[in-house]
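1. quick one: sequence and predicted model below, then my questions.
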Amino acid sequence: DIGCYPITISRWIFGEEPSRVVAMLETDPEFGTDRLSSAMMEFPSGHSVFTCSTQLVPYQRMQFLGTEGRIELKIPFNAPNDRPCELLIDNGKDVLGSSITVETIPTSDQYTVQGDAFSKAIREGTEVPVPLEDAVANMAVIEALFRSAETRRWEIPRI
């Protein structure tokens with residue numbers, strides 16, 4: 001359920017598809033679904049690593065690390081609709097983070113925003129914000145991660 005989001009964000013940030021992926025999954029014995037997932041994705045210009053779970057403490061963070069700084073987004077996947085979210089920007093000048101600045105993202109209902117954008121595209125006959133091809137490409141990565149968990153090897157996403 002939640003693992004698709006770090007995959008999507010990684011693909012969006014890099015602006016490219018992963019060349020190979022590897023994963024470890026723990027399956028819920030009652031439901032037969034993955035409840036703990038850890039993955040690495042190798043992109044042509046970098047890599048992404050994430051761990052997510054449906055049955056651990058409800059904590060979400062995305063961090064983007066670069067050679068000259070770091071960006072951290074708090075509660076990136078299901079932002080609360082009753083309070084603002086924060087984006088931390090760290091220029092990386094010291095390990096204590098004394099140079100971190102905080103950008104506040106105003107309160108909004110992301111599902112309403114998403115629905116409104118989709119509705120507008122339909123009414124105006126324009127492109128939808130996220131095309132179907134993106135979902136197909138994301139699913140190719142998800143399937144490769146599941147294959148990797150079975151084979152215990154790096155896998156190549158295939159559309």
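-> In hand now; what should we look at? Residues are numbered from 1 along each chain as shown.
2. quick one: mean pLDDT over whichever helix in the chain runs longest.
-> Secondary structure of the chain per DSSP state H: the longest helix is helix 132-151. Averaged across helix 132-151, the pLDDT comes to 97.
3. roughly how far out does that helix sit from the chain middle?
-> 13 Å (Cα atoms, centre = their mean, to the nearest Å).
4. R83: what secondary structure?
-> Assigned with DSSP: H, G, I helix; E, B strand; the rest coil, R83 falls in the coil class.
5. how much space between it and M62?
-> In this view, R83 and M62 are 18 Å apart by Cβ to Cβ, to the nearest Å. Every C-beta, even on glycine, is put in place using the N, C-alpha and C of the backbone.
6. neighbour count: the two, which is higher?
-> M62 (19 against 11; other Cβ atoms under 10 Å).
7. and the more buried one, what element?
-> Using DSSP states H and E, M62 sits in strand 61-66.
8. next SSE downstream of that strand?
-> Strand 61-66 is succeeded, C-terminally, by strand 69-74 (DSSP H and E).
9. who does that following strand pair up with?
-> strand 61-66 (antiparallel), strand 85-90 (antiparallel) (DSSP bridges).
10. turn these into CSV, including distance to P29.
-> Below are the strands paired with strand 69-74 laid out as CSV (distance: least, Cβ to Cβ, whole Å):
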stretch, distance to P29
strand 61-66, 28
strand 85-90, 35
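11. so which of these comes closest to T101?
-> T101 sits nearest to strand 85-90 of all these, at 5.0 Å, using Cβ to Cβ.
12. pull out the buried positions in the closest one.
-> Using 16 or more other Cβ atoms under 10 Å as the test for burial, strand 85-90 gives 85, 88, 90.
13. who are the packing partners of the helix or strand following it?
-> For strand 85-90, the succeeding helix or strand toward the C-terminus, using DSSP H and E, is strand 101-105. Packing contacts for strand 101-105, counted by 3 or more Cβ pairs under 8 Å, 6 or more residues apart in numbering; DSSP states H and E, involve strand 85-90.
14. okay, the angle between the strand it packs on and strand 101-105?
-> Here the directions of strand 85-90 and strand 101-105 differ by 160 degrees (axes from the mean of the first three to the mean of the last three Cα atoms, to 10 degrees).
15. confirm that K120 sits in a strand.
-> No: the assignment for K120, made by three-state DSSP, is helix rather than a strand.
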